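Chemist: Okay, structure incoming, though there's no sequence with it:
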C-alpha cells in the first residue's frame, strides 16, 4: 500500500450537512464525502484489493467504490481532514494480516493436575453408591 498514491486517488465532494444549524447550515456545504475506487487503484496490489473487498464489503458499493463521509465540524476543511484520517485508519486496519496461531501443548504439570482432579471426582461419585450392592 502506497499512501501518497492513494491520497492522490481520493475524490472529495462537498455537500450540505444535515441536521440543525440554521442559516449557516442552509447556505454552506460543509459535509465532505470521500470516494476511493478500490478496484481501479494503482497503489494497491491485487491481493490487497481482494482483502479490502472482503473486509470492507459492507462499505464498498457494487462499482468497487469505498465512500466515507464526515459532517462532525462546521468547517469543510476540518471535515475533509477527518474523512481522510478515518479512511486511512480503515484501510490500514483492513489490510492488517492476522497473526498465525502457534500450536501449544499442555504442560506436564497441567496434565497431572487434570488427572488428579479427575481421580478426585471419580472417588466422590464412587462414594455416593450404596455399599450394600
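Modeler: Perfect, thanks for sending it. As the structure is a computational prediction, the values presented were derived from the model and not from experiment. Numbers count the residues shown, from 1 in each chain.
Chemist: List the contacts of residue 38.
Modeler: Counting by CB atoms under 8 Å, 6 or more residues apart in numbering, residue 38 makes contact with 44, 49, 52-53, 56, 60, 64-66. Backbone N, C-alpha and C define where each C-beta goes, glycine included.
Chemist: One more pass at 6 Å, please.
Modeler: 49, 52, 60, 64, 66 (CB atoms under 6 Å, 6 or more residues apart in numbering).
Chemist: Please check the residues you listed and keep the buried ones.
Modeler: 52, 60, 66 (16 or more other CB atoms under 10 Å).
Chemist: how much space between the last one and residue 106?
Modeler: So that's residue 66. For residue 66, the distance to residue 106 equals 45 Å [CB to CB, to the nearest Å].
Chemist: Return the subset of the contacts of residue 38 lying in helices.
Modeler: Counting by DSSP state H, the contacts of residue 38 place 49, 52 in helices.
Chemist: just the contacts of residue 38 now: which is nearest residue 27?
Modeler: residue 66 (29.7 Å; CB to CB).
Chemist: who's that closest one bridged to?
Modeler: Beta-bridge partners for residue 66, by DSSP bridges, are residue 36, residue 60.
Chemist: Do I have it right that it meets residue 60?
Modeler: Yes: using CB atoms under 6 Å as the test, residue 66 is close enough to residue 60 to be in contact (5.0 Å).
Chemist: pLDDT value on residue 33, please?
Modeler: We have a pLDDT of 93 for residue 33.
Chemist: Repeat that for residue 74.
Modeler: 83.
Chemist: contacting residues for it?
Modeler: residue 30.
Chemist: Show me the shaky parts of this structure.
Modeler: Along the chain, segments meeting pLDDT under 70 span 19-22, 25, 133.
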